[in-house]
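Colleague: Just the structure for this:
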Amino acid sequence: MRAWTVLLLGLLVASPALAGKKKKKGDEPAAPLVGWHQAEGATGACWHAPDFESLGIADRRQARSETLTAILAQWKGEREDGVAFDGRLVENVETVLLGLPEKIETIAPKNLELCTKAMAGGGTAAWDQWVQSLPRSLTKGECARPLDDTIFWYADLGMGWQGGTSICSDDKVKIWASAADEYRVDDNGPWINAAGDMSKPTAGLDGYLCTTEGCYAGQLLVRFRGQSGAEVIMPVGLELIYSPPEHGQIEFAINDTTYFNNVWRVVRGIQHRTAVTYEPLED
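Modeller: The predicted structure is shown next:
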C-alpha cells in the first residue's frame, strides 16, 4: 500500500494536468510606467506619474514635486519636443499648484492623455487650451487668501473704490475707521468723519455709490464682490462687522458723486487722514 501511495504522489507532481501548469515569465503583469516614456511611433516622450494612492506621505509629496517639475519643464519648452506654452500662463499655473499641491495628482492623468495625443500627431491645440483653463478651474471653490492678519489703509479722498482684499466665506471681519479724522465732500459743506453727513441721506439719489436706506453723503462704504459675481454695497460709517456669504473680495470707498473737490481738514498745520482697518475676528 505504501508503494502505491508514493507512486500516486509522484504522478501528481510530474503531471501538468494534475498538478497545474507552471507560470511562464511572460505571464507576469507588466509594471506600470513611471517617468518619461516615448510610445512607439510617437514624436516625443510624456510623463507618467506614479500611483499616488499607493505611496506613503513622504513618498507622495516627493512624487508630486517630481511630477510638477517634469510637467512644467515640458510646458516651458525645455524638452525641445515641439511643446511650448505661454510662459506667463505656465507661471500662473505653477503658482496655483504650489499652493494646492494635491491638485497635481488631479491634472497628471489628463496631461498624460493630451500629451499622448499630441505626440501621436494630434497637435498641441487642445492641450494648450486645457492648460489655459487651469488657473480658473483649479481655484474654483477655493479661497486664495483668507483674512488672517489685520490690514491698515489710509483713505484716498480723490478716488472711488480702493483697498481691495481677498476674504473667505468662513472669515469674520471688523471694518472700522478713525473717528477723529475729518474731511469735506461738498464745497462749503460741513466737516464730517467716516460716519458721513447725517443731514444728507442718499437713499434714492442718483450718482452716489450707496442709494439705499442708512446711506449718507461722505460715509465710509464697503463693497463685497463674490466669486459667483454677486455684489453688495453696505454702509460702514465708523464700524461694521461682516461675514461674507462666499469667497470674494472687499474694498472701501467714500459715498460721493465726484472726488476732485474732496479735501482733508487741516488743524494747526496738521492734515487729518482717515485710517481704515480690516481686522479678522474669531467666531
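
Colleague: Skipping its backbone neighbours, what lies nearest residue 237 in space?
Modeller: Excluding the flanking residues, the one nearest residue 237 by Cβ to Cβ, 6 or more residues apart in numbering is residue 195, at 4.5 Å. Just so you know, the C-beta spots here come from the backbone N, C-alpha and C atoms, and that holds for glycine as well.

Colleague: Could you give the secondary structure assignment for that neighbour?
Modeller: coil (DSSP: H, G, I helix; E, B strand; the rest coil).

Colleague: my guess is it contacts residue 219, does it?
Modeller: Yes. Using Cβ atoms under 8 Å, residue 195 is in contact with residue 219, at 6.4 Å.

Colleague: element containing the nearest residue to residue 64 once chain neighbours are set aside, please.
Modeller: With sequence-adjacent residues excluded and distances taken as Cβ to Cβ, 6+ apart, residue 64 is closest to residue 104, at 4.6 Å. Per DSSP states H and E, residue 104 falls inside helix 103-117.

Colleague: List the contacts of that helix.
Modeller: Residues from elsewhere that reach helix 103-117 (Cβ atoms under 8 Å, 6 or more residues apart in numbering): 39, 42, 46-49, 52, 64, 67-68, 71, 74, 83, 96-97, 126-127, 130, 134, 138.

Colleague: got the buried residues for it?
Modeller: For helix 103-117, burial by neighbour count (16 or more other Cβ atoms under 10 Å) applies to 103-105, 107-108, 111-112, 114-116.

Colleague: The very next helix or strand once past that helix packs against which elements?
Modeller: Counting by DSSP H and E, the next helix or strand C-terminal to helix 103-117 is helix 125-139. Packing partners of helix 125-139 (3 or more Cβ pairs under 8 Å, 6 or more residues apart in numbering; DSSP states H and E): helix 87-99, helix 103-117.

Colleague: Quick one, which of the ones you listed gets closest to residue 172.
Modeller: Residue 172 lies closest, by Cβ to Cβ, to one member of the helices and strands packed on helix 125-139: helix 87-99, at 22.8 Å.

Colleague: Do a quick rundown of the helices in the protein.
Modeller: 2-14, 16-19, 57-75, 87-99, 103-117, 125-139 (DSSP state H).

Colleague: Pull out the buried residues from the third one.
Modeller: This means helix 57-75. Neighbour counts over helix 57-75 (16+ other Cβ under 10 Å) mark 60, 63-64, 66-68, 70-72, 74-75 as buried.

Colleague: quick one: average pLDDT of it?
Modeller: What helix 57-75 shows for mean pLDDT is 96.

Colleague: Pass me the low-pLDDT residue ranges in this protein, would you?
Modeller: For the chain, the stretches with pLDDT under 70 are 1-29, 144.

Colleague: which residues touch the residue nearest in space to the middle of it?
Modeller: The centroid of the chain falls nearest to residue 139 when counting by Cα atoms, centre = their mean (3.7 Å). By Cβ under 8 Å, 6+ apart, the residues touching residue 139 are 96, 100.

Colleague: try it again with 7 Å
Modeller: Residues in contact with residue 139, defined by Cβ atoms under 7 Å, 6 or more residues apart in numbering, are residue 96.

Colleague: roughly how far apart are residue 220 and residue 193?
Modeller: Residue 220 sits 9 Å away from residue 193, going by Cβ to Cβ, to the nearest Å.

Colleague: neighbour-wise, which of the two wins?
Modeller: residue 220 (25 against 20; other Cβ atoms under 10 Å).
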